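Peer 1: Based on what follows, work out the 3D shape:
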Amino acid sequence: MVAETLTNCTRNQIHNLIVQHGEKTCSKLAKAKQLGIQVLSEANFEGLTSPDNLLF
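Peer 2: Next up is the predicted model:
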């Protein structure tokens, strides 16, 4: 789910990156929480997707 204002990427860029890595995205915060989807800030997402943290 990409919900907040992003400073370094567009929502489409983030969505595509998530999908490329086999994950699904959700368009509503309430739905994401209901489904148990982890919600990350932009900084958390960037930390998870930095070259040092990627396994592939």
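Peer 1: Which pLDDT value goes with residue 10?
Peer 2: At residue 10, the predicted lDDT confidence score is 81.
Peer 1: do the same with residue 5
Peer 2: pLDDT for residue 5: 66.
Peer 1: Check which residues of the helix or strand of the chain with the lowest mean pLDDT are buried.
Peer 2: When the helices and strands of the chain are scored by mean pLDDT, DSSP states H and E, helix 29-34 comes last with a mean of 78. Buried residues in helix 29-34, counted by 16 or more other CB atoms under 10 Å: residue 32. C-betas here are computed from N, CA, C, even on glycine.
Peer 1: and the next helix or strand after it, what's its mean pLDDT?
Peer 2: Next helix or strand after helix 29-34 toward the C-terminus (DSSP states H and E): helix 42-48. Mean pLDDT, helix 42-48: 81.
Peer 1: and helix 42-48, C-alpha only, in CSV?
Peer 2: These are the backbone C-alpha positions of helix 42-48, laid out as CSV (Å, rounded to 0.1, in the frame of the first residue of the first chain):
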residue,chain,number,x,y,z
GLU,A,42,8.6,6.0,3.1
ALA,A,43,11.8,5.9,5.2
ASN,A,44,11.1,2.3,6.4
PHE,A,45,10.4,1.2,2.8
GLU,A,46,13.6,2.8,1.5
GLY,A,47,15.5,1.0,4.3
LEU,A,48,14.1,-2.3,3.3
